[in-house]
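Chemist: kindly generate the corresponding structure for this input.
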Amino acid sequence: MIEIDPQQLADCYVAQWNVPDAAERRAAIERLWAEDGTHILHPPAEIRETAAELGFDHPTLEAQGYDAIETRVARSYERFVEKQGFAFRARPGAIRLNGVVRIGWEVVYTATGDVVGGGSDILVLDDNGRIEADYMFPGS
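Modeler: Prediction:
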């Protein structure tokens, strides 16, 4: 596996969620992700509760491949950055263990700089250092 600075990867990964231009966002995704990479989201509590009521004990939300990941990142940008005035930023302290990188991130209200949320991700890298799987845990 190629050498990857885990904090630099964290910074680039989190930055993709703030990119307003669709073409630049797609280019960032193609630089960071393996072509068949998968983004796996631990759903918010309300989705987990609804799923449990329907008999699903362990719901997850997944997007696989460039197109699906691009849609996921674009919708997040539209909802949180464009409409609500938030920005995402990487926390310091990203750690790499072989082909896995653990990162933390924050949601910041751009008008004041106040941190209003955050989470963590476990990124599984392929042999080229691109994201093969992303396990996202908002609120952690």
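Chemist: show the average pLDDT along stretch 94-112.
Modeler: Across stretch 94-112, the average pLDDT comes to 97.
Chemist: cool, stretch 13-27 as well?
Modeler: 97.
Chemist: buried set for the helix or strand bottoming out on mean pLDDT in the chain?
Modeler: Within the chain, no helix or strand scores below helix 45-53, which has a mean of 78 by mean pLDDT, DSSP states H and E. Residues of helix 45-53 classed as buried by neighbour count (16 or more other Cβ atoms under 10 Å): Arg48. The C-beta positions use only the backbone N, C-alpha and C, and glycine is treated the same way.
Chemist: ok, residues contacting that helix?
Modeler: With Cβ atoms under 8 Å, 6 or more residues apart in numbering as the contact definition, helix 45-53 has outside contacts at Pro43, Pro59, Leu61.
Chemist: could I get these in TSV, plus columns for neighbour count?
Modeler: Conversion of the contacts of helix 45-53 to TSV gives the following (neighbours: other Cβ atoms under 10 Å):
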residue	neighbour count
Pro43	15
Pro59	15
Leu61	13
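Chemist: in strands only, show me those residues.
Modeler: In strands, judged by DSSP state E, the following of the contacts of helix 45-53 are found: Leu61.
Chemist: which of the contacts of helix 45-53 lies closest to Val14?
Modeler: Leu61 (18.9 Å; Cβ to Cβ).
Chemist: neighbours around Trp33, how many?
Modeler: 25 (other Cβ atoms under 10 Å).
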